[in-house]
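**Student:** Mind looking at a prediction? Sequence and model below.
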Amino acid sequence: MTKVAFIVGSLSQRSINRHIANEILKNAPQGVEIEEIRIGDLPLYTQDLDSQSIPAYDRVRLQIKDAAAVLIVSPEHNRSVPAALKNVIDIASRPFGQNVWANKKVAIVTA
């Protein structure tokens with residue numbers, strides 16, 4: 001069984017990106033386990049917390065680490081990525097030397 005995690009970069013309840021992610025995932029091939037990485041509950045990343053165990057940080061780091069690949073479906077926001085998406089990227093790349101994004105396959109879809 002291949003595990004694919006997905007992140008919806010929009011926190012909006014009516015997000016078109018969530019609908020697009022759901023359509024993509026409905027067509028996943030057999031043998032693929034799909035798990036959402038929820039990002040709406042994550043405290044803002046600060047290096048000051050690197051020495052502490054933050055349950056929400058630990059959860060997303062483990063989900064990304066355990067996934068064979070990550071699908072990110074996200075809107076553009078003010079000519080950049082949404083703050084919640086940037087936050088999870090930062091959380092999963094820290095603390096120094098523990099980057100769970102390293103060598104991870106990632107696909108990005110934007111609408």
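**Tutor:** On my side now, so go ahead.

**Student:** From now on I want contacts and neighbour counts done on CA atoms only, so please keep to that.
**Tutor:** Fine.

**Student:** top strand in the protein by residue count?
**Tutor:** In the chain, taking DSSP state E as the definition, the longest strand is strand 2-8.

**Student:** Now do that strand: which elements does it pack against?
**Tutor:** helix 16-26, strand 32-36, helix 55-66, strand 69-73 (3 or more C-alpha pairs under 8 Å, 6 or more residues apart in numbering; DSSP states H and E).

**Student:** The ones you listed into TSV, with extra columns for mean neighbour count and mean pLDDT?
**Tutor:** Shown next, in TSV, are those (neighbours: other C-alpha atoms under 10 Å; pLDDT from 0 to 100):
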stretch	mean neighbour count	mean pLDDT
helix 16-26	16	92
strand 32-36	15	94
helix 55-66	17	97
strand 69-73	22	97
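
**Student:** Could you dump these into TSV and include distance to Ser80?
**Tutor:** Shown next, in TSV, are these (distance: least, C-alpha to C-alpha, whole Å):
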stretch	distance to Ser80
helix 16-26	15
strand 32-36	22
helix 55-66	22
strand 69-73	14
